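# Can you look at this prediction? I've put the sequence above it.
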Amino acid sequence: MSTYWRLLLWAGRALFVAAPVAVLGCRLTRPLWEDSPLQAGVPAHWIPNTTLALSFGWAFFLPFLVLPVAPLPLVSADRMRIFAETVLGTRRLKVRQLRLIGS
């Protein structure tokens, strides 16, 4: 597996954990940023802005984080099994018949 794909897998794992932690942290630190000035209707403080960005990324990439989705370079096959490296770990699938096209 190349460094690029390994980096993307770890970024997905980090985002999967960081966004909910940021929401909790934002809620717990509300007195710190609550009275900061507003810019375009949102507080001009880094805590809610970072939380918003992480939450948006989490919601946008959620299907790729929790579903068994993997890019082709992270998929391998042997006799009757397919292996795919995903954000949540290695997925294994047994199949009755396997035809490799391309590769």
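Arrived safely, thanks for sending. Numbers count the residues shown, from 1 in each chain.
# helices or strands next to the helix-or-strand element of the chain with minimal mean pLDDT in the packing?
Ranked by mean pLDDT, DSSP states H and E, the weakest helix or strand in the chain is strand 42-43, scoring a mean of 81. When contacts are defined as 3 or more Cβ pairs under 8 Å, 6 or more residues apart in numbering; DSSP states H and E, strand 42-43 sits against helix 46-66. Any C-beta I mention is one placed from the backbone N, CA and C, and that applies to glycine too.
# Give me the buried stretch members for the helix it packs on, please.
Within helix 46-66, the residues that qualify as buried are 47-48, 51, 54, 58, 61, 65, counting by 16 or more other Cβ atoms under 10 Å.
# contacting residues around the residue nearest the centre of the chain?
Centroid check for the chain by Cα atoms, centre = their mean gives residue 12 as the closest residue, at 3.1 Å. Contact analysis of residue 12 by Cβ atoms under 8 Å, 6 or more residues apart in numbering lists 61, 64-65, 87.
# Wait, residue 22 touches residue 51, no?
Yes - taking contacts as Cβ atoms under 8 Å, residue 22 lies within contact range of residue 51: 4.4 Å.
# Next, the buried residues of stretch 16-23.
Quick answer for stretch 16-23 (16+ other Cβ under 10 Å): 16, 18-19, 22.
# What mean pLDDT does it get?
The pLDDT scores in stretch 16-23 average 94.
# Can you get me the centre-to-centre distance for it and its chain?
Distance, stretch centre to chain centre, for stretch 16-23: 10 Å (Cα atoms, centre = their mean, to the nearest Å).
# Pull the residues that contact that stretch.
Counting by Cβ under 8 Å, 6+ apart, 50-51, 54-55, 57-58, 65, 87 sit against stretch 16-23.
# now these as a markdown table including pLDDT and distance to residue 96?
Below are these laid out as a markdown table (pLDDT from 0 to 100; distance: Cβ to Cβ, whole Å):
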| residue | pLDDT | distance to residue 96 |
| --- | --- | --- |
| 50 | 94 | 48 |
| 51 | 95 | 47 |
| 54 | 94 | 42 |
| 55 | 94 | 42 |
| 57 | 93 | 38 |
| 58 | 93 | 37 |
| 65 | 88 | 29 |
| 87 | 91 | 27 |
